[in-house]
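Trainee: Sequence first, then the predicted structure:
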Amino acid sequence: MLLDRVTAISSAASPIALPMAAPAPAVAPLIIVGAGPVGVRCAQELLRRGYPGQVLLFGDEPWAPYDRVRLSALLAGEVDLEGITTPGLPGQLSSHLGCRVSHIEPLSKYVEDAQGRRFHYSRLILATGSRAHIPEVPGVDLSGVFVFRDLGDTVALLARTARSRHCVVVGGGLLGLEAARAMQRGNTQVTLVQQAPRLMNRQLDEPAAELLLRQVRELGIEVLLAAGLGGVLGAGRVSGVRLRDGRELACDTVLLATGIRPNIELALAAQLRVGHGVVVDDELLTSHADIHAIGECAEHRGLTYGLVAPGFEQAAVLAARLTGETAHYRGSLQATQLKVAGLPVFSAGEVVEPLKRINQREYSYNDPQQGGYRKLLVHRGRLLGALAVGECAESRRWLDALQQGRRIGPLMLWRFRREGRLWPAASEQVAQWPTNTVVCQCMGVQRGQLSACIVAGATDIATLGQQCGAGTVCGGCKPLLQNLLGDSAPRQAERGAAGLALGGGLAVAAVLAVSQLPALAAPTSVLQAGLSWLWQDGFWRQVSGFSLLGLALLGLLMSLRKRLPKLPLGAFANWRLLHVALGVLALALLVLHTGLDHGQNLNRWLLFDFLLLLGVGGLASALLAVEHKLPPALARRARQLLLWGHIVAVWPWPALLGVHVLSVYYF
């Protein structure tokens, strides 16, 4: 039974008996108050970075640290207790679990627990988190009213689901939706009451919220929008709820998911500066020189964050500072990427009621096949916000573009309007992403870190999780990790690399020569004629000209082979080598056709366009030969640039050639 296992873990994690009023040690330890995900992460980061002193971790919950993000999965029966328990803490970390800190004395630099024991500190880190917000309406203290914030709440709700017939969930945010889905476990009827006119109104716009609403209702959850809670009905225990518009709903269980409030009572009593949370600066320092605050209890630049990822960022920055590194916290991007009621939802940056700016553009895409929806907000070539409902392979890269301020070009936006993606499908290979792209948002793990782990011997997702924590929180990045593991073998040279290098080099050299050498001199006598008849005799000029046209048309057949990959037309690598060889041969025919005479007017433009086409193609061929030796990001960008340059050079060529042929035969 889950309740028995919780009791066992609680007993194992009882506070360590210490003497009353322990004397201050010669070198006081660093104390972290709060054993939630952020507090534990900070302790792990400190020890990983070689913090020289002792670290004490205090937690007031009576069980081992666990992953709060997956509590809804535990409530729904999708994971067991072991599935959310944080892996074993480092042995050098002293953990005092089930030990509530009741007082902080900043001047004497000690904390006092609920039993009156004092623990001196050199540095104090507050990671006290937050608690559920309880709306001030009649009846919220009745039996049968629950909140959903910690493992204790989850255990109580698990016991309740066995006898609950109708549960009303109040709150249509992320937590409320997850709770509503989980409460269906025992065939309980669930009604979700949302005060705002749409679900997840802080993360989704109207079209996205409509898709989510449809999904939630298809799951059998009744949804009432624009219907706030007016009160809870019952005498001693819940019998129903009254909405603000006067409607009454009969139910036996009420689950409140109406937001959170930072736990700031310890900071208030210690006379630290507080606002909505404990106020910190860019060094995550409070108004007292030796006390820091991180996570949901911290307020930085007027903002508190109700998500775990910003807390992890703060923990990493603070651990770096306390181990002698230079680091500052500049704030976090508000981002959500989870499956809500079974539907993938991604929201980051400004997507709901954004600020109005000059040259700001909004782009949206509706997926006709998957029924999904995507939206981007762009200002002067930079992403300000991104939104996706439904499967979206690019969402992690969108988040990276937001965080890193990467430029979004017109071609990328054109592709988004047509296909719903910014990058070509081939770039979905995670191994080709920039090294500083964040793959695991929960743990802040970048692609470069993951690749380093793979090089060091990691061969599966579990090993990656053990080495750097990726995939150990929400699990949303596991498909990306699998993608990366699949591409972890050393990159091999392209088939026919030697031929590509030789052909590309010859093409580039020939283009430079043809563009710079003067026209061959006309002969002054029959004895000096030599081979000049090839470009002076009308018949042979037609032969070379139409041969040149034929080679160009043959070269275009490679595009046919590329578009029909399943047909037995020979290996694409062989077609590519043939394409390069045709390009080099075309340059030789061009010399025979023109005698290096660049011509005039449109003829000059035709020659220039043809040389550009062949020159860019030669560079692309040479790049393919050495691509495996280049950094993946550089190779990808160079390949895209040369490919599109080659394609763009083709566009004016047919029109210029047509005018050239017409002018020759007409005149």
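Mentor: Yes, it's here.
Trainee: What's the mean pLDDT across stretch 134-148?
Mentor: For stretch 134-148, mean pLDDT is 95.
Trainee: buried ones in it?
Mentor: P135, V137, G139, V140, L142, G144, V145, F146, V147, F148 (16 or more other C-beta atoms under 10 Å). C-beta coordinates here come from the backbone N, C-alpha and C atoms, glycine included.
Trainee: Next: stretch 72-86.
Mentor: Residues of stretch 72-86 classed as buried: S72, A73, L74, L75, A76, V79, L81, I84, T85, T86 (neighbour count, 16+ other C-beta under 10 Å).
Trainee: Also stretch 649-667?
Mentor: A649, V650, L656, L657, H660.
Trainee: For the stretch 551-667 of the chain, just list every one of the strands.
Mentor: Ranges of strands in the stretch 551-667 of the chain, per DSSP state E, counting those that start in this stretch: none exist.
Trainee: Quick one: the helices in it, in order.
Mentor: 572-594, 601-626, 632-650, 653-666 (DSSP state H, counting those that start in this stretch).
Trainee: Now render these as CSV, adding mean pLDDT.
Mentor: Formatted as CSV, the helices of the stretch 551-667 of the chain follow (pLDDT from 0 to 100):
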stretch, mean pLDDT
helix 572-594, 75
helix 601-626, 79
helix 632-650, 71
helix 653-666, 71
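Trainee: Which one of the ones you listed lies nearest to R41?
Mentor: Closest of those to R41 is helix 632-650, at 28.7 Å (criterion: C-beta to C-beta).
Trainee: so R185 makes contact with A73?
Mentor: No: contact criterion C-beta atoms under 8 Å: R185 and A73 do not qualify, at 11.1 Å.
Trainee: quick one on the thing from earlier: could you list which of the buried residues of stretch 134-148 belong to helices?
Mentor: Under the assignment DSSP state H, the buried residues of stretch 134-148 contribute nothing to helices.
Trainee: ok, those vs G618, which is closest?
Mentor: Distances from G618 to the buried residues of stretch 134-148, taken by C-beta to C-beta, are shortest for F148, at 63.3 Å.
Trainee: Tell me who's in contact with that closest one.
Mentor: L71, S72, L75, A132, T154, L157, L175, A179, L255, L256, A257 (C-beta atoms under 8 Å, 6 or more residues apart in numbering).
Trainee: and the last one, what is it in contact with?
Mentor: A257 makes contacts with A132, V147, F148, V169, V170, G171, G173, L175, G176, A179, as judged by C-beta under 8 Å, 6+ apart.
Trainee: Quick check: bridge partners of the fifth one?
Mentor: Beta bridges link V170 to V193, L256 when assigned by DSSP bridges.
Trainee: Show the pLDDT at it.
Mentor: In this prediction, V170 carries a pLDDT score of 96.
Trainee: What about it, how many residues nearby?
Mentor: Per other C-beta atoms under 10 Å, the neighbour tally for V170 reads 26.
Trainee: Could you chop the chain up by domain?
Mentor: The chain is divided into the following domains under automatic domain parsing: 2-131+262-322, 145-258, 497-666.
Trainee: Redo those domains as TSV? Include distance to V439.
Mentor: TSV is the format used below for these (distance: least, C-beta to C-beta, whole Å):
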stretch	distance to V439
domain 2-131+262-322	13
domain 145-258	21
domain 497-666	14
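Trainee: For N359, find the nearest of those domains.
Mentor: With C-beta to C-beta as the criterion, N359 lies closest to domain 145-258 of those, at 20.6 Å.
Trainee: Do me a favour and get the end-to-end distance for the closest one?
Mentor: Terminal residues of domain 145-258 are spaced 13 Å apart (C-alpha to C-alpha, to the nearest Å).
Trainee: sec struct for R361, please.
Mentor: Classification of R361 by DSSP: H, G, I helix; E, B strand; the rest coil places it in strand.
Trainee: Roughly how far does it sit from V137?
Mentor: 43 Å (C-beta to C-beta, to the nearest Å).
Trainee: one step back: ok, the contacts of A257 vs G583, which is closest?
Mentor: Using C-beta to C-beta, G173 comes nearest to G583 of these, at 58.8 Å.
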